[in-house]
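Engineer: Got a predicted structure here, sequence first:
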Amino acid sequence: QQQQQQRLLLQLVRTVTQSAASDGSSDAAAEAATATLGDTASRSKAEFVDRVRVFAKAGTGGQGSAKLGAVGGAGGDVLVETSLGLSSLNHIAATDCRFHAGAGSYGSHKSKATKGQDAIIKVPVGTIVYSDNGRVLSDLDVPGRSFVLARGGEGGSPLTNKQQSGLKGDRLHAILELKSIAD
């Protein structure tokens, strides 16, 4: 959306510049174009996001099979992982802030059940993960470090329940906050 706005703005600036050049007032057009582009740059700086609330839903464990003696696969986890290429939480705020991991596969006699796909939330180094009530869950201050925010459910087996269905994974809200330089 922001890129589309910048493209439209650039088109407008070109049109104004061309019409001003035909009138002989190209200096005024250049000043207007510079002012408009300067406003856009200051707006994008103001959109820096350093705190965001997310919803994490880990995957449900896969169905086991009593008849085959097979255990279902574990549900996927939701992880928060640091990345050196990031400097803000804008990329998360631009989404719906909901992260869902995959469910585990069904137990089968043909192959071993597999774990559900993990959902990974990439954050800048220096991000603190808080529970919804404000308790610090993790301080991600090292590049490449990860934290399991929501753990996937156990795969179905005789130990889980009579139906051997997989257990549900964790569901929770959390707050991701980027430490400021002064901290």
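Structural biologist: Nice, thanks for sending it over. Residues are numbered from 1 along each chain as shown.
Engineer: Without its sequence neighbours, what residue ends up closest to His91?
Structural biologist: Lys122 (7.5 Å; CB to CB, 6 or more residues apart in numbering). From N, CA and C alone the C-beta is placed, and that goes for glycine too.
Engineer: Make sure the one you found is actually in contact with Leu84.
Structural biologist: No - Lys122 is beyond contact range of Leu84, at 10.3 Å (criterion: CB atoms under 8 Å).
Engineer: Looking at the two, which one has more neighbours?
Structural biologist: Set Lys122 next to Leu84 and count neighbours by other CB atoms under 10 Å: Lys122 wins out with 16 against 9.
Engineer: Check which helix or strand that one maps to.
Structural biologist: strand 119-124 (DSSP states H and E).
Engineer: Tell me how far Gly153 lies from Ala70.
Structural biologist: Remark: distance between Gly153 and Ala70 (CB to CB, to the nearest Å) = 17 Å.
Engineer: where exactly do the helices run in this structure?
Structural biologist: 2-23, 26-46, 90-93 (DSSP state H).
Engineer: correct me, but Ala58 touches Gly76?
Structural biologist: Yes - using CB under 8 Å, Ala58 is in contact with Gly76, at 6.5 Å.
Engineer: Now for the two: what residues contact both?
Structural biologist: 101, 152, 169 (CB atoms under 8 Å, 6 or more residues apart in numbering).
Engineer: Reformat the residues you listed as CSV; add pLDDT.
Structural biologist: CSV is the format used below for the shared contacts of Ala58 and Gly76 (pLDDT from 0 to 100):
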residue, pLDDT
Ala101, 96
Gly152, 96
Gly169, 95
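Engineer: Just give me the closest of the residues you listed to Asn90.
Structural biologist: When the shared contacts of Ala58 and Gly76 are ranked by distance to Asn90 (CB to CB), Ala101 comes first, at 23.1 Å.
Engineer: Can you tell me the closest non-neighbouring residue to the closest one?
Structural biologist: Gly76 (3.2 Å).
Engineer: Report the separation between that neighbour and Pro158.
Structural biologist: 23 Å.
Engineer: quick revisit: how about the residue nearest to Ala101, what does it touch?
Structural biologist: 58-59, 101-104, 115-119, 152, 169 are the contacts of Gly76 under CB under 8 Å, 6+ apart.
Engineer: how close does Ala174 sit to Leu159?
Structural biologist: For Ala174 relative to Leu159 (CB to CB), the value is 29 Å.
Engineer: neighbour-wise, which of the two wins?
Structural biologist: Taking other CB under 10 Å, Ala174 and Leu159 do not tie; Ala174 has more neighbours (22 against 10).
Engineer: hang on, isn't that one packed against Ala56?
Structural biologist: Yes - Ala174 is in contact with Ala56 according to CB under 8 Å; the separation is 6.3 Å.
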